[in-house]
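> next one to model:
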Amino acid sequence: MKNFLVKTIANAAALAVAIWLIQNITLTGENTGKKALTLILVALLFGLVNFLVKPVLKLLTLPLFILTLGLFTLVVNALMLLLTSWLADKLSLSFHVEGFWTAVLGGLVISVVSWALNVALPDDND
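Prediction:
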């Protein structure tokens, strides 16, 4: 349970950094509390998408991963971010990613920040 909470916090922080840095990734809300709750819900949704969809997509595109020496990961991360944005819209969460190239840049930022936070934050295996 602790590991799940740490990963959700890391996802939320990474999403917050992407929203802060990239103009076309938006999170709107009436007040700070509502924005924070929306950010946590989007982080949970993003984690769920990455847990359920990403492994299947990576398996189906394995030849592209090999051919591009792993650079296709950027495309997969962008697709996961776009899928999260689409699902957030369907769930009436005020999170939106505008366009594929914005998603590529956002996926890159989220990957770097998530990696750094997962290194820095405590893990259950200790």
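
> please identify the buried residues of stretch 56-73?
Buried positions in stretch 56-73, judged by neighbour count with 16 or more other Cβ atoms under 10 Å: 61, 65, 72-73. C-betas here are computed from N, CA, C, even on glycine.

> from those residues, which ones fall inside strands?
Within the buried residues of stretch 56-73, no residue falls in strands by DSSP state E.

> dump those into TSV; add pLDDT and distance to L52 as well.
Below are those laid out as TSV (pLDDT from 0 to 100; distance: Cβ to Cβ, whole Å):
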residue	pLDDT	distance to L52
T61	92	16
F65	91	19
F72	93	19
T73	91	17
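
> which one of those is nearest to N31?
Distance to N31 across the buried residues of stretch 56-73 (Cβ to Cβ) is lowest for T73, with 36.3 Å.

> G29 touches I40, doesn't it?
No. G29 lies out of contact with I40 (Cβ atoms under 8 Å); the separation is 11.9 Å.

> with N11 as the reference, measure out to V119.
According to Cβ to Cβ, to the nearest Å, V119 stands 15 Å off from N11.

> more crowded one of these two?
N11 (25 against 9; other Cβ atoms under 10 Å).

> residues contacting that one?
For N11, the contact set (Cβ atoms under 8 Å, 6 or more residues apart in numbering) comprises 43-44, 46-47, 110, 114.

> in PyMOL, how would I select just the buried ones from the residues you listed?
The PyMOL selection below is limited to those of the contacts of N11 classed as buried (16+ other Cβ under 10 Å):
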select buried, resi 43+46+47+110+114
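
> among the contacts of N11, name the ones in helices.
Those of the contacts of N11 mapping onto helices are 43-44, 46-47, 110, 114, per DSSP state H.

> from the residues you listed, which is closest to K35?
A43 (12.4 Å).

> so the closest one sits against T8, correct?
Yes. At 5.4 Å, A43 counts as touching T8 under the criterion of Cβ under 8 Å.

> buried residues, the helix or strand of the chain with the lowest mean pLDDT. List them.
Here the helix or strand of the chain ranked lowest by mean pLDDT, DSSP states H and E is helix 2-21, holding a mean of 89. Buried positions in helix 2-21, judged by neighbour count with 16+ other Cβ under 10 Å: 6-7, 10-19.
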